[in-house]
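Colleague: Task: produce atomic coordinates for the following.
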Amino acid sequence: MFKEVKNEAEMKKIGEYIGTFLKGGDFIELVGDVGSGKTTLTKGIAVGMGVEDNVQSPSFTINRVYKGRDDLTLTHYDFYRLSDAGIMANELQESAADKNKVTIIEWAGVVGGILPVDRMTVEISSPTENGRELLVSAGGKNSKELLKKIKL
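Modeller: Here you go, the predicted model:
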C-alpha cells in the first residue's frame, strides 16, 4: 500500500488512524532515514492507542514503554545505536508474543534475523523536504488482516 504524506501533522494523523486499529500482539517495523518521520508516526500511533504520555524517541534508551487503552502497552524500540542484538533478541521475542503489547521498532537491521514474520512494515522515504512517501506491507496472517482494515 502506498501513501503520500504532505507534512508532519499529516504523518501524525496517519499514525493516529493506524493506532485506532491496534488491539495487541501487533508488531510494526519502521524503516527510513534519520529525520524521515518514524518517531512522528509512532507519536500518532500512540495517540490512536490512547497513550496520554509524551512519546519520545528511544534513541538513547533503546526502548520506551507506554500504557494505552484497554490494557494495551506500546513498546517502542530504536536500535540505531545498537551494534549487536545480544539480550534484546529475547526481549523482542517476548514482546512480539505478548497479546497485550503493540511493538514498534526503528532501525531493525541489527535484529533483522529475529523479527517475527507476522509484522507490518512501513518504509518512509523523503522525496521533498517536508513530503514523505509511505510504502506499507505486511507479512503473516494478522498483519495482512490489519493492513486490509487500515486502508490508507
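Colleague: shaky segments in the chain?
Modeller: Applying pLDDT under 70 to the chain flags the ranges 58-61, 82-85.
Colleague: which residues of it fall in strands?
Modeller: Under the criterion DSSP state E, the chain contains strands at 2-5, 26-32, 63-67, 73-78, 101-106, 119-125, 132-139.
Colleague: list the helices and strands the fourth one packs on?
Modeller: If contacts are counted by 3 or more Cβ pairs under 8 Å, 6 or more residues apart in numbering; DSSP states H and E, strand 73-78 sits against helix 38-48, strand 63-67, helix 88-97, strand 101-106. Where you see a C-beta, it was placed from the backbone N, CA and C, and this is true even at glycine.
Colleague: Which one of the ones you listed lies nearest to residue 28?
Modeller: With Cβ to Cβ as the criterion, residue 28 lies closest to strand 101-106 of the helices and strands packed on strand 73-78, at 4.8 Å.
Colleague: who wins for proximity to residue 50 among the strands of the chain?
Modeller: strand 63-67 (8.5 Å).
Colleague: what pairs with that closest one, and is each one parallel or antiparallel?
Modeller: Here strand 63-67 has these sheet partners by DSSP bridges: strand 73-78 (antiparallel).
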